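Participant: Have a look; sequence and predicted model below, questions after that.
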4 protein chains.
Amino acid sequence: MAALKKRVYAVLEGRDWADGTTRIVNGLLIGLIVANVISLMLESMAGVRAQFGETIRVFDAVSVVIFTVEWLLRVWSSTASPRYVGAAGRVRFAMTPMALIDLLAILPFWLPMVGLDLRVLRILRLFRLFRILKLARYSQALQTFGRVVTRKREELITLLMVLGVLLLIASSLMYYVEHEAQPEAFSSIPATMWWGIATLTTVGYGDVYPITTGGKLLGSVIAVLGIGMFALPTGILGAAFVDELAQRRLREGGQDSAGSEDDTPDHCPHCGKSLKVEREAVGSE
Amino acid sequence: MAALKKRVYAVLEGRDWADGTTRIVNGLLIGLIVANVISLMLESMAGVRAQFGETIRVFDAVSVVIFTVEWLLRVWSSTASPRYVGAAGRVRFAMTPMALIDLLAILPFWLPMVGLDLRVLRILRLFRLFRILKLARYSQALQTFGRVVTRKREELITLLMVLGVLLLIASSLMYYVEHEAQPEAFSSIPATMWWGIATLTTVGYGDVYPITTGGKLLGSVIAVLGIGMFALPTGILGAAFVDELAQRRLREGGQDSAGSEDDTPDHCPHCGKSLKVEREAVGSE
Amino acid sequence: MAALKKRVYAVLEGRDWADGTTRIVNGLLIGLIVANVISLMLESMAGVRAQFGETIRVFDAVSVVIFTVEWLLRVWSSTASPRYVGAAGRVRFAMTPMALIDLLAILPFWLPMVGLDLRVLRILRLFRLFRILKLARYSQALQTFGRVVTRKREELITLLMVLGVLLLIASSLMYYVEHEAQPEAFSSIPATMWWGIATLTTVGYGDVYPITTGGKLLGSVIAVLGIGMFALPTGILGAAFVDELAQRRLREGGQDSAGSEDDTPDHCPHCGKSLKVEREAVGSE
Amino acid sequence: MAALKKRVYAVLEGRDWADGTTRIVNGLLIGLIVANVISLMLESMAGVRAQFGETIRVFDAVSVVIFTVEWLLRVWSSTASPRYVGAAGRVRFAMTPMALIDLLAILPFWLPMVGLDLRVLRILRLFRLFRILKLARYSQALQTFGRVVTRKREELITLLMVLGVLLLIASSLMYYVEHEAQPEAFSSIPATMWWGIATLTTVGYGDVYPITTGGKLLGSVIAVLGIGMFALPTGILGAAFVDELAQRRLREGGQDSAGSEDDTPDHCPHCGKSLKVEREAVGSE
């Protein structure tokens, strides 16, 4: 039993992709997730829904059953890991972000069975979107992105606060300037914020824009400030992303720093890139 | 009295957040500022104003009284600080940016009582927006942003001048090219500048755009130049922002500089890279 | 014959621009490509097509014949290069990206002669666009760009995946929020993705935009996330592009590496900074 | 005479701003340029032109006379500089960019007097815009910007070529996909390029956009590629701009590198910033 649990855990966590069972099980799970995302999109199309609505519903039910079994097996086998020993460990495992996503992806299907109101249900159907996030377990890209955002949390919150205060001031001023000329589009400060976001992010749908001279002057200043809104995250996220990918490569490379015994550095002390190949090339001449 | 003044100063300046009174007083002030910002937004909504207009006016009056007491206490207690000794020190304190913001946030309420014209008053109501900026005292995010902008003052002014000249040339040319085809939208050079800003910042509302072939050619060139407008601040602001946050972390994590016994720093205070190797290299010459 | 083949290869590959024939042949080929691109554009204009349609068709035929001869000569002479010896070498040459582009640029003209359906033909005419890409052989700019994209392949795929998942979640949520209010514009999740792309890339045509309060709130969040979409590739592509150009300059300015007599490089080949000091430092230990 | 010439040259070139005459003359010239730019803008406004047209024309004539005298004095006194000795030197001076701008700014006024056609004249009036560029002589901001663009010439041309090819391919494909559904907006490949520019630069006016599913798919891909168009110049221009400003500061600072005699570096070898202050601060403890 303990051996089976260990095996189930190893397979589901996808530790060893050289193992055939691991490859097949996880491959099927990835395929099912992608199929679920496609089915979610298809179901939203009226024509498809009319014709294949029943099929999609059946496919959804089958998927949920499989995902539920997956979630139960994960929670059951989690105690095989030294990190989640005993009942407390199992609860801790069930509280990890990925396990919670797994749970939220199946919950909306089972809840009505325990007697939940239908209106709440409609909102809960949105939780099917969490199935997309199940992909994060298999995608290094999404994990890298997640780590970058986590590492630069503080900077991003700073930026959002600055953006928020800027948006509030810009929208308040614009409301006072433009409200009289366009009482519909700039009906209140919160309503004006929709214009503020479209301008500061430079999206500029064109559904609302100032028409008075004062409003255009103010709008110009805010549009220019919007350029700054692009400048700040660029320095932060871009550098962190490059960094994160370089570290991942180092982790995967490993052997880079090991065997060198000569008195010259292996990596450029400025940019961290390898100097090995170049040197050998020169040395062999 | 001197001890009370010192205490009031310490509490209001929020020097020691471990102190209970400091935490409570500043917490209440932050709450009041946020409530004022929300009330400003709510008041602008016709429905809310109709129903709760009186309540909001009373809340505004109460807030102003509290903010006035806060300002008076700050100015009175400022002489407790060695930086603002005597009457001259008090005046200097009242002239600091944060004290001026505090004053401007309450002034529009008291001014009509000394007999100011009502039309001027309407504009002065805009000064209530300064209450948002009172948050800057408590928000490291806004302070960081402010410092970045201050440090890169010169670069930003350079950029604004380039943007201004570019905008002027772009709009003048476009006016000559497009005026005849669209005498309304491109009625004059200043009017064409509204199109110029929307294009150079890539907001592109779509309320004005060239329709002649010449105008579209010119507009294309200017839209491409707009990309450059995003490129320049990015290098400047982004790097400065990362820098500023790194320095703040260094200031906060004081122990970094503790253990070193020689009189030269180990790391460059600007980019954080080690200075060790280089120094030894020079020493060994 | 072998000498002629060698000469044809050298001329067509443009190895030695100091050679007169090479300059003339390649100059004419570049001119013909540019003329073809212009003719493609002119042909799409109804007025020009009506008047010069026949001329353009003749010019197209002549061009294809020349490009076919060029392709045949390239494939025939390829075995003159030590890299493509024998029949297998010739096939390998024909499979290189540039040779394939050359083939695809002429194929749609010859295929109907072997009896292809006319409807397929219309799509094949698009292949004439490949003639633009023939310029890549002569343009260092396009080659540099191609190398940057190739080197940063992994990062770019990561970004596209993140963008894809973000787009999917944003569009699904928006569909649920806005579908009832605007059943036309937000008719399904795939249809809503058109709005999602316009917002995340901040293009914002303004043909679709949310009108409900919930939709505007969600749209605001997504527009702000769109700023992040600009931040990530900036750090990656910008740095790689600067790097690539610096390396190209190093390759071209060969004399840089000449005078040094020891077997280690003086400058990091990646960032160009001196490695001297560090090495001496290590050596003196 | 030679002394007067020398003095005129020194004053006009603004070598020594501590000199009273230099300050007054150049101050007046800057003021006149700014006044001319404002007058150009005012003249384009129908209301102002109707009322003050005559005044503006007189002001324009007076300005041109002053600018002509300025240009003549500059050319006459240029031989006072060792760089422009003799008649050949004078011609070389007249061919410098700034001298050409000065000439082009006055030429359109004098040309009709030598009997030029009136229709050509209308276009020549555009040359009055060159008066804005006369400011470049006095603005370090514009000079810095000019130097950055000059230094990164090669990179920017590379980018423009990539952008051009991308635009051509995108517009050609879009024309084939969308022409049938919207024969007006996507009437030809050159016409479709207007859409292409608006999308690749993310301006997105919203006057043209694809409506077919194929067109929207293609438009999505191109909008995402537009993000890349922002990423590339950012790395190049941003870094070059920061660099240029740092160099200017070094040039102005000068004394930084002089008096240091101790064995520690003055500047961080990584980022080039001064290490002086920090070290002295630590040393004085």
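Facilitator: Nice, I can see it. Residues are numbered from 1 along each chain as shown, chains lettered A, B, ... in the order given.

Participant: Tell me how many other residues crowd residue A:178.
Facilitator: When neighbours are defined as other CB atoms under 10 Å in any protein chain shown, residue A:178 has 24 of them. Placement of C-beta: from N, CA and C, glycine included.

Participant: do residue A:58 as well
Facilitator: When neighbours are counted by other CB under 10 Å, residue A:58 registers 11.

Participant: which ones are touching the closest residue to chain C within chain A?
Facilitator: As assessed by CB to the nearest CB, chain C sits closest to residue A:238 within chain A, at 1.9 Å. Contacts here follow CB atoms under 8 Å, 6 or more residues apart in numbering or on different chains; on that basis residue A:238 touches B:238, C:231-236, C:238.

Participant: so what's it scoring on pLDDT?
Facilitator: Looking at residue A:238, its pLDDT stands at 73.

Participant: is it true that it lies in a strand?
Facilitator: No: counting by DSSP: H, G, I helix; E, B strand; the rest coil, residue A:238 is not found in a strand; it is helix.

Participant: Give me the helices and strands touching the helix or strand where residue A:91 lies, please.
Facilitator: Here residue A:91 sits within helix A:86-94, counting by DSSP states H and E. Judged by 3 or more CB pairs under 8 Å, 6 or more residues apart in numbering or on different chains; DSSP states H and E, helix A:86-94 is in contact with helix A:46-77, helix A:97-110.

Participant: most tightly surrounded among those helices?
Facilitator: Using mean count of other CB atoms under 10 Å in any protein chain shown, the stretch among the helices and strands packed on helix A:86-94 with the largest mean neighbour count is helix A:97-110, at a mean of 18.

Participant: pLDDT of that helix, averaged?
Facilitator: Mean per-residue pLDDT for helix A:97-110: 85.

Participant: and that helix, what does it pack onto?
Facilitator: Secondary-structure packing of helix A:97-110 (3+ CB pairs under 8 Å, 6+ apart): helix A:46-77, helix A:86-94, helix A:118-124, helix A:130-133.

Participant: which ones are touching the nearest residue to residue A:130 once chain neighbours are set aside?
Facilitator: Here the nearest residue to residue A:130 in space, its sequence neighbours aside, is residue A:105; by CB to CB, 6 or more residues apart in numbering or on different chains that works out to 4.1 Å. Neighbour list for residue A:105: A:67, A:127-128, A:130-131, A:133-134 [criterion: CB under 8 Å, 6+ apart].

Participant: Can the helix or strand hosting residue A:141 be said to contact chain C?
Facilitator: Applying DSSP H and E as the criterion places residue A:141 in helix A:140-151. Yes: using CB under 8 Å from any CB of the partner chain, helix A:140-151 comes into contact with chain C via A:140-142, A:144-145.

Participant: Which residue does the stretch 1-150 of chain A have closest to chain D?
Facilitator: residue A:45 (11.6 Å).

Participant: Spatially, what comes nearest to that residue if we skip its sequence neighbours?
Facilitator: Once flanking residues are discounted, residue A:45 sits nearest to residue C:188: 4.1 Å by CB to CB, 6+ apart.

Participant: What count of nearby residues applies to the one you found?
Facilitator: Burial of residue C:188 is recorded as 20 neighbouring residues (other CB under 10 Å).

Participant: how about it, phi and psi?
Facilitator: Backbone torsions of residue C:188, given as degrees, to the nearest 10, read phi -160, psi 170.

Participant: and the gap between it and residue A:46?
Facilitator: Look at residue C:188 and residue A:46: by CB to CB, to the nearest Å, they are 7 Å apart.

Participant: same deal with residue A:89?
Facilitator: Distance, residue A:89 to residue A:46, using CB to CB: 48 Å.

Participant: and what of residue A:73?
Facilitator: Distance, residue A:73 to residue A:46, by CB to CB: 37 Å.

Participant: can you list contacts of stretch A:175-190?
Facilitator: With contacts defined as CB under 8 Å, 6+ apart, stretch A:175-190 is touched by A:168, A:171-172, A:174, A:191-192, A:195, A:207-208, A:210-212, A:214-215, A:218, B:40-41, B:44-46, B:125-126.

Participant: Out of those, name the ones that lie in helices.
Facilitator: Using DSSP state H, the subset of the contacts of stretch A:175-190 located in helices is A:168, A:171-172, A:174, A:191-192, A:195, A:214-215, A:218, B:40-41, B:46.

Participant: ok, for residue A:42, nearest residue in space, not its chain neighbours?
Facilitator: Of all residues not flanking residue A:42 in the chain, residue A:48 sits nearest, at 4.7 Å (CB to CB, 6+ apart).

Participant: In terms of pLDDT, where does the one you found sit?
Facilitator: pLDDT at residue A:48 comes out at 91.

Participant: Before I go, just wanted to say thanks for your time.
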